[in-house]
Every structure is written in structure tokens, then in C-alpha cells.
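> Here is my input; please provide its structure:
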Amino acid sequence: MPFLESIAGASIPRCTQFGPQALENTAWAFAILPYKNNEPLLEACAWVARTRISQFRPQECANTAWAMATLAYHNKPLRAAIAGASLQKISQFTSPELSSLAWSFASRLERDPPLRDAIAAAAVPTMATFGSQSLANTSWAFAPLHVRNPPLLEAISAAAVAKLPEFVPQALANTAWAYAALVVSADPLLEAIASAALPRITAFKSAELATTVWSLSTLAYSHDPLFHAISAASRGLLSTARMGGFTAGVILEALARLEDISLARRHYGWILKCGLRPGALGLGALLGSLEDSLRPRPFEVAVLQDLARGHLRGAASAAAAMRLAEASGGAGEALRLLQQRQGRRQGQGRHPAGTGTGGGGAAAGGLGEEEGGEEGGEASTLCSTTNLAVILACGGGRSAGPGMKPPHPAD
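Model prediction:
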């Protein structure tokens, strides 16, 4: 944009004349404006800000940190200067300034234990003054760095329960995600989040639905009305092409953890009906919920076949093939799966990372022994172990939380 480019160009040589508030305002303005060529201006502002950081008030420290984080501008000396100046004045920060500062450092995965602990210590006694956005931002800020601070989390939980009706959907989802990512159970808070989300579920975007249901299921918190509402809302978003396969797969993973997997089965069917693929994490979780049977049931076979049609890595292909061999009583379908995968690899002209020809040969040999062996002891042991292999090989053994990290909270 010519106008913004002119402002940026005129500001660079004059940055040395800017005081703390002018520097803060400039950084903040370009963080919210649609102007991308801001690197030279940010460099100039950062250099001047470092030389005058001792003059920055708490609001100027917080807003400058927020602007640089929002712009994904990484300047280690400036971050260190802001952290040092903030530490000296932390008792003067208001609740929005504390939450903004915490979010800014967490969003860039900046580990600064002294500043982090100081923010928590300053926030706990003033938690009653935190608004809905500040509560959500502060809880979220400690999760990406996997920092559990029990006094802070307890204070946020107690303060948030009464204010959850004021939370927008993203704030509800972010708060639930923070406690799930840290594996901190807080049933009163989760109950309040579920109650606040239920009447507004149609206002949730696809990522907010996925984050909420994943978080509650991760903490083993059951709320059937909300889960049914999320399932129904997901179908609406899927049918109107407002939810992609990955997000749908995260919801599938969450629903597959429930004791009753009927919602997961319906959700999976709807994903396929809309022409999407849920991804290996969701399919792996669904398989995990089905592995109580010695012989694969028809629905499990259908999931395995769908999984096999994807571009699996070697270990996942071999594990899926073994389970399909158990389903069919022979190795024919399993061998076709491995041959199709081999054909894809040859078509690509290379082996996928982390796989080799030896793994495929060993898997084929194992299938040959399965076909010629008895259906008793050894095969029944294979039943649960091969499904476990499918799940682990697809990545189902690791948390989807970091992969489903919600968008950065708004300031």
C-alpha cells in the first residue's frame, strides 16, 4: 500500500527522535495494518527501543512485545531488554498488560523463567481484576511452554468460572486447551466451560470445536450434551466445506476416546460422505477404540482399508497389512496393500524418510507365516499388538494438542 509504505519510509530516518510512546504506537500500528514490507522499520524501531528501554512504562513494554510477537519479528536483544525492564516494574503492570506480556513471550516460545515466574506471582493476587480475554490469554500463555504453575492455574480457574458467560468461543476453547495441554484437571472449570459453550455451539468455528472437544476428552471429562452438539455442529461445517480433513480428524480422535463410540462412527461416516480424509491421528484413535475384538469387525476392516488408501509410512503400512491379513484369513489383501505402496514409492523415485526395503520384506515374511499358521494363540496375540502398531505407527500414541494449537488469542 503506497500510503503505508510512505509512512514507513519517512519514519525510519526519524526513529531516533521517537520517544517510548511513539515507538510503541508505531510498532502497534504496523502490527494491525495490512503492510508486509516492515522489516526495515522494525529494525530501526528495535534499535532505538533497546537504547531507551529504561524509559518504557509497563504499557509500552507490553504493547511493544505484543506488536513484535504479532508480526513474528524475532529480535533477541530487544526481547531481552523488554524482559529485563518488565521484571523491574512487574508490580506496576495491570492485568491486561500482564496477560499481553505473557502471551507475547509464549507465542514465540520464548523461555524466560524469571519473567514467567514474576508474571505468575504478580497475577495471582490480582486475578479478580482480570477480564475474560486476559484470563484466557494468561492460561494459554503457560501451556505452549509446558509450564505448570498450580497457584496460577487455580487462581485462573476460580476467577474464570464466574466470567465464562463473557468468554467468546475462542477464549473458551483456548482456556480448555491450556488445561488439557498441561494435563491439569479442573472439573468445576470444565463444567462451566461446557455449560457456557453448549448454548453457543453454532457460533464456534471449526478449530474452536476441535480444540474444545479434544481438550475435554484429553482430560477424560464427559459431557454428553456438549459432545452431541459438537458432533452436530461439525456435520454442518463439513457439509458446507467450512471444515477440513485435519480438523475433522482431531474431532474424530476426541470422539473415539468416549466410552460410547457411536458419535465417532457417525462422524467418521460423515467425513467420508463429504469427500475428506480424517488423517492418521483420527483413524489411529478410532482403531484403538475397536481393538477389543479378536477378529476385526466389518467396521474396523473398513477403517483399515481407508487408512491403507492413504500415503502411509512403511511401519504403518506393514501394521495395517498385518491386521487386514487377520481380517481376511489370508495375506492376499495385505500383500496388495504393500505392493500398492511399493508402486507409489517407485513412482516417486525415492523411499520415504525413515523407511527402507528391509522393513517391507520383514513384514511380508511375517504375513506369510500368519497365512500358514493356526488361528489360535499366536494369531489372537497378534490381534491387539498389530492394532497397537497401527496406532503408534500413524502417530496416534502422541498428543494432538500441540498440533491443534488454537490461533493466537486476540489482544
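
> from here on, contacts and neighbour counts on C-alpha atoms
Fine.

> what ranges do the helices span in the stretch 51-200 of the chain?
For the stretch 51-200 of the chain, the helices defined by DSSP state H, counting those that start in this stretch occupy 58-70, 76-89, 95-107, 113-123, 132-141, 150-163, 169-181, 187-197.

> Output these as JSON lines; include the columns mean neighbour count.
Output for those, formatted as JSON lines (neighbours: other CA atoms under 10 Å):
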{"stretch": "helix 58-70", "mean neighbour count": "24"}
{"stretch": "helix 76-89", "mean neighbour count": "18"}
{"stretch": "helix 95-107", "mean neighbour count": "25"}
{"stretch": "helix 113-123", "mean neighbour count": "18"}
{"stretch": "helix 132-141", "mean neighbour count": "26"}
{"stretch": "helix 150-163", "mean neighbour count": "18"}
{"stretch": "helix 169-181", "mean neighbour count": "26"}
{"stretch": "helix 187-197", "mean neighbour count": "20"}
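
> CSV please, covering those helices and showing mean pLDDT and distance to residue 240.
Below are those laid out as CSV (pLDDT from 0 to 100; distance: least, CA to CA, whole Å):
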stretch, mean pLDDT, distance to residue 240
helix 58-70, 95, 31
helix 76-89, 96, 43
helix 95-107, 94, 31
helix 113-123, 95, 42
helix 132-141, 94, 30
helix 150-163, 96, 33
helix 169-181, 95, 20
helix 187-197, 96, 22
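
> Let me see the contact set for residue 223.
residue 194 (CA atoms under 8 Å, 6 or more residues apart in numbering).

> wait, which of the helices of the stretch 51-200 of the chain is closest to residue 306?
helix 169-181 (29.4 Å; CA to CA).

> Can you spell out which helices and strands pack onto that closest one?
The helices and strands touching helix 169-181, judged by 3 or more CA pairs under 8 Å, 6 or more residues apart in numbering; DSSP states H and E, are helix 132-141, helix 187-197, helix 206-218.

> Any chance of CSV for those, columns distance to residue 282?
Output for those, formatted as CSV (distance: least, CA to CA, whole Å):
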stretch, distance to residue 282
helix 132-141, 24
helix 187-197, 23
helix 206-218, 11
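
> can you list the weak-confidence ranges in the stretch 201-350 of the chain?
291-297, 305, 307-350 (pLDDT under 70).

> Okay, residue 35 and residue 241: tell me how far apart.
Taking CA to CA, to the nearest Å as the measure, residue 35 falls 30 Å from residue 241.

> Touching stretch 244-263 from outside, list them.
So stretch 244-263 is contacted by 206-207, 209-210, 213-214, 217-218, 222, 227-228, 231, 234, 238, 264, 267-268, 271, 276-286, 289, 400, 404 (CA under 8 Å, 6+ apart).

> Pull out the buried members of these.
For the contacts of stretch 244-263, a neighbour count by 16 or more other CA atoms under 10 Å gives the buried set as 206-207, 209-210, 213-214, 217-218, 222, 227, 231, 234, 238, 264, 267-268, 271, 276-286, 289, 400, 404.

> Please flag which of those residues sit within helices.
If you go by DSSP state H, the buried ones among the contacts of stretch 244-263 have 206-207, 209-210, 213-214, 217-218, 227, 231, 234, 238, 264, 267-268, 271, 280-286, 289 in helices.

> Looks like residue 165 contacts residue 196 (just checking).
Yes - using CA atoms under 8 Å, residue 165 is in contact with residue 196, at 5.7 Å.

> how deep is the residue nearest to residue 132 when sequence neighbours are not counted tucked in, by neighbour count?
Distances taken as CA to CA, 6 or more residues apart in numbering put residue 167 closest to residue 132, at 5.5 Å, once the chain neighbours are dropped. Applying other CA atoms under 10 Å, we find 20 other residues in the vicinity of residue 167.

> now do residue 146
Counted with other CA under 10 Å, residues neighbouring residue 146 total 12.

> so what's it up against?
Contacts of residue 146 by CA under 8 Å, 6+ apart are 181-182.

> hmm, try it at 6 Å
residue 182 (CA atoms under 6 Å, 6 or more residues apart in numbering).

> what about it, distance to residue 110?
12 Å.

> any idea whether residue 258 is helix, strand or coil?
Under DSSP: H, G, I helix; E, B strand; the rest coil, residue 258 falls in the coil class.

> Backbone torsions only: list them for it.
Torsion angles at residue 258 (phi, psi; degrees, to the nearest 10) stand at phi -70, psi 150.

> what about it, how many residues close to it?
Counted by other CA under 10 Å, the residues lying close to residue 258 total 18.

> Number the chain from 622, please
Understood, numbering begins at 622; the last thing we discussed is residue 879.

> want to throw the helices of the stretch 672-821 of the chain into JSON lines with distance to residue 922?
Shown next, in JSON lines, are the helices of the stretch 672-821 of the chain (distance: least, CA to CA, whole Å):
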{"stretch": "helix 679-691", "distance to residue 922": "46"}
{"stretch": "helix 697-710", "distance to residue 922": "52"}
{"stretch": "helix 716-728", "distance to residue 922": "42"}
{"stretch": "helix 734-744", "distance to residue 922": "49"}
{"stretch": "helix 753-762", "distance to residue 922": "39"}
{"stretch": "helix 771-784", "distance to residue 922": "43"}
{"stretch": "helix 790-802", "distance to residue 922": "32"}
{"stretch": "helix 808-818", "distance to residue 922": "34"}
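
> With residue 630 as the reference, name the closest of the ones you listed.
The minimum distance between residue 630 and the helices of the stretch 672-821 of the chain falls on helix 679-691, with 18.6 Å, by CA to CA.

> Which neighbouring elements make contact with the closest one?
helix 641-653, helix 716-728 (3 or more CA pairs under 6 Å, 6 or more residues apart in numbering; DSSP states H and E).

> Just the angle for it relative to helix 697-710, thanks.
Counting by axes from the mean of the first three to the mean of the last three CA atoms, to 10 degrees, helix 679-691 lies at 150 degrees to helix 697-710.

> Please export the C-alpha coordinates of helix 679-691 as PDB.
C-alpha atoms of helix 679-691 as PDB (Å, rounded to 0.1, in the frame of the first residue of the first chain):
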ATOM      1  CA  PRO A 679       4.600  -1.100  31.600                       C
ATOM      2  CA  GLN A 680       2.100  -0.400  28.900                       C
ATOM      3  CA  GLU A 681       4.800   0.400  26.400                       C
ATOM      4  CA  CYS A 682       6.800  -2.800  27.300                       C
ATOM      5  CA  ALA A 683       3.600  -4.900  26.900                       C
ATOM      6  CA  ASN A 684       2.400  -3.300  23.700                       C
ATOM      7  CA  THR A 685       5.800  -3.400  22.100                       C
ATOM      8  CA  ALA A 686       6.300  -7.100  23.000                       C
ATOM      9  CA  TRP A 687       2.800  -7.800  21.600                       C
ATOM     10  CA  ALA A 688       3.400  -6.000  18.400                       C
ATOM     11  CA  MET A 689       6.700  -7.800  17.700                       C
ATOM     12  CA  ALA A 690       5.200 -11.200  18.500                       C
ATOM     13  CA  THR A 691       2.200 -10.500  16.300                       C
END
